[in-house]
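Undergrad: Provided below for reference: sequence and predicted model.
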Amino acid sequence: MTPVATKRRRSSSVFFVGSATLVIALLVWQSIISRPKLLPSTTRALLLQIQQHQPKQNALLSEEDLLCQTLHKAALTRHSSSSSSSSSSSSSSSAPLTAVHGFVCNLGHLPLLQNSLASIQRLREPWISIVFALNEEVCTEIADNVKKNAPVCIPHYADRVLDLMKQYEPRSYEAYEQVKRDKNASIAESARFNSEMYKILINAKLYALRDIIHCGMDAFITDVDVAFLQDPWPYFATSSSAKDNNHMIIAQNDTNPTQFRLNINSGFMYWRHNHPHSRNLTHTLISDMVWWQIDQARVNRLLFDRKIPVSLLPTRQFPNGNVLQKHNTTNQAVAVHANWNAHFEEKKNVLQAHNLWFLE
Ligand SMILES: *[C@@H]1O[C@H](CO)[C@@H](O)[C@H](O)[C@H]1NC(C)=O
Ligand SMILES: *[C@@H]1O[C@H](CO)[C@@H](O)[C@H](O)[C@H]1NC(C)=O
Ligand SMILES: *[C@@H]1O[C@H](CO)[C@@H](O)[C@H](O)[C@H]1NC(C)=O
Ligand SMILES: *[C@@H]1O[C@H](CO)[C@@H](O)[C@H](O)[C@H]1NC(C)=O
């Protein structure tokens, strides 16, 4: 990965641009019923950052409450009819989706994130995403460089990931501490494919998934090496029934059945929150899996073991790097995932080759 210079001013390090609909009733209600909770010291930074923007009445809220408020404010409501695309999955009976589109990003991946955000802004109906930033500079850079429909950026999300990791997967946390000590590595900067810190980076998306689901919204989680060409939301609105198991999880086909039979690409998934198992599953993903596995293995193994039905998206509409290598066309593509490679330059080349690189 190419590291990105971080010379910019720090003053505007945090910013929240949410949808204008403040959930005032929720805030008041929460501030009445919430009790102060003791917080681990490493999460204070995140808390303080959020509190700066949520003054006074929230003094008694826990970190999770504050995070949920931030996510709720930025949640999207999408109707399946919002697109005129020729999606076969649109249905007139679809209920609107209340969802968060989340990216997890560190400084090393920033150009890819900016490219993905730019691709969304080129669509006819762009939306506002949420960035779970592993280091604060990600938020600063976005504040300085993304002028239109800037995403909501949560700084210091790494602190929360590490706190939860310490609590729920202590062996991974110990491994993290070891690597940090031995290699003087930092979760914030490391992006080298298959490095120890890279595993934390990619697993961090499972923490974002858990947080969004536990806050009561659908979660659309994508990696930063995704470029959007059309509106993907109609593909997620295929059913209005919360009990429709087949649509609890909708994911990109990773087209690699020899590795995982379910073929789920965990870097492009839509999870419904209102399913009886969604809270349990997203918590189990971080708490109960084989130590130190990557997210793709965790998601595929758990959902396979629990026999959770998953809908895979069609590969021509949602091609990954493997499909692109074979077919070399984005004619029908809704979103392109430049994966199946290891390095920033390869990802950039794939995106450029298909006219999907929108940065200078
Ligand atoms: C560890 O890394 C930090 C910055 O990444 C650097 O300032 C420090 O000198 C390094 N320490 C050692 C012992 O290499
Ligand atoms: C996913 O891709 C694999 C490999 O191309 C294919 O065999 C499989 O049928 C696909 N699954 C679905 C549900 O489309
Ligand atoms: C999640 O579900 C599994 C299997 O049904 C159960 O064993 C486990 O205790 C549940 N975990 C939580 C946190 O509810
Ligand atoms: C892919 O298609 C483009 C034109 O659409 C062409 O320029 C390029 O050479 C092709 N690449 C491969 C590997 O076939």
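TA: Structure received. Ligands and ions are numbered 1, 2, ... in the order given.

Undergrad: quick one: which helix or strand includes the closest residue to ligand 3 within the chain?
TA: In the chain, no residue comes nearer to ligand 3 than residue 280, which is 3.7 Å away by CB to the nearest ligand atom. Any C-beta I mention is one placed from the backbone N, CA and C, and that applies to glycine too. Using DSSP states H and E, the element containing residue 280 is helix 278-287.

Undergrad: which strands and helices sit next to that helix?
TA: If contacts are counted by 3 or more CB pairs under 8 Å, 6 or more residues apart in numbering; DSSP states H and E, helix 278-287 sits against helix 157-168, helix 196-214, helix 295-305.

Undergrad: For those helices, which has the smallest mean pLDDT value?
TA: Ranked by mean pLDDT, the helices and strands packed on helix 278-287 end with helix 196-214 at the bottom, a mean of 88.

Undergrad: At the contact with ligand 2, which residues of the stretch 101-250 of the chain appear?
TA: Residues of the stretch 101-250 of the chain that fall close to ligand 2, judged by CB under 6 Å from any ligand atom: none.

Undergrad: what does the average pLDDT come to for stretch 132-143?
TA: When pLDDT is averaged over stretch 132-143, the result is 92.

Undergrad: Pull the distance from that stretch to the chain's centre.
TA: If you compare the mean C-alpha spot of stretch 132-143 with that of the full chain, they lie 14 Å apart, counting by CA atoms, centre = their mean, to the nearest Å.

Undergrad: Stretch 207-227 too?
TA: Taking mean C-alpha positions (CA atoms, centre = their mean), stretch 207-227 and its chain are 4 Å apart.

Undergrad: Could you do stretch 109-122 as well?
TA: Using CA atoms, centre = their mean, the distance between the centre of stretch 109-122 and that of its chain works out at 13 Å.

Undergrad: hey, C-alpha coordinates of stretch 147-156 in PDB?
TA: Taking only C-alpha atoms (Å, rounded to 0.1, in the frame of the first residue of the first chain), the coordinates of stretch 147-156 have been written out as PDB:
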ATOM      1  CA  LYS A 147     -16.500  18.400  -0.400                       C
ATOM      2  CA  LYS A 148     -19.900  17.000  -1.500                       C
ATOM      3  CA  ASN A 149     -21.900  14.600   0.700                       C
ATOM      4  CA  ALA A 150     -19.000  13.900   3.000                       C
ATOM      5  CA  PRO A 151     -19.400  10.700   4.900                       C
ATOM      6  CA  VAL A 152     -19.900  10.600   8.600                       C
ATOM      7  CA  CYS A 153     -16.500   9.700  10.000                       C
ATOM      8  CA  ILE A 154     -16.000   8.000  13.400                       C
ATOM      9  CA  PRO A 155     -12.400   8.600  14.600                       C
ATOM     10  CA  HIS A 156     -10.600   6.200  16.900                       C
END
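
Undergrad: returning to that earlier point: what's the helix holding residue 280 in contact with?
TA: With CB atoms under 8 Å, 6 or more residues apart in numbering as the test, helix 278-287 has contacts from 164-165, 168-169, 203, 206-207, 209-210, 213-214, 219, 248, 271-273, 298-299, 302-303, 306, 308.

Undergrad: Only the buried subset of these, as a PyMOL command please.
TA: This is the PyMOL syntax for the buried subset of the contacts of helix 278-287, where burial follows 16 or more other CB atoms under 10 Å:
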select buried, resi 164+165+168+169+203+206+207+209+210+213+214+219+248+271+272+273+298+299+302+303+308
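
Undergrad: What's the end-to-end length of stretch 215-223?
TA: End-to-end span of stretch 215-223 (CA to CA, to the nearest Å): 21 Å.

Undergrad: same deal with stretch 305-315?
TA: This stretch, stretch 305-315, spans 24 Å end to end (CA to CA).

Undergrad: and it, does that touch ligand 3?
TA: No: using CB under 6 Å from any ligand atom, we find that stretch 305-315 stays clear of ligand 3, coming within 7.3 Å at best.

Undergrad: now residue 331, nearest residue through space, not along the chain?
TA: In this structure, residue 331 finds its nearest non-sequential neighbour in residue 316, 8.0 Å apart by CB to CB, 6 or more residues apart in numbering.

Undergrad: Noted, bye for now.
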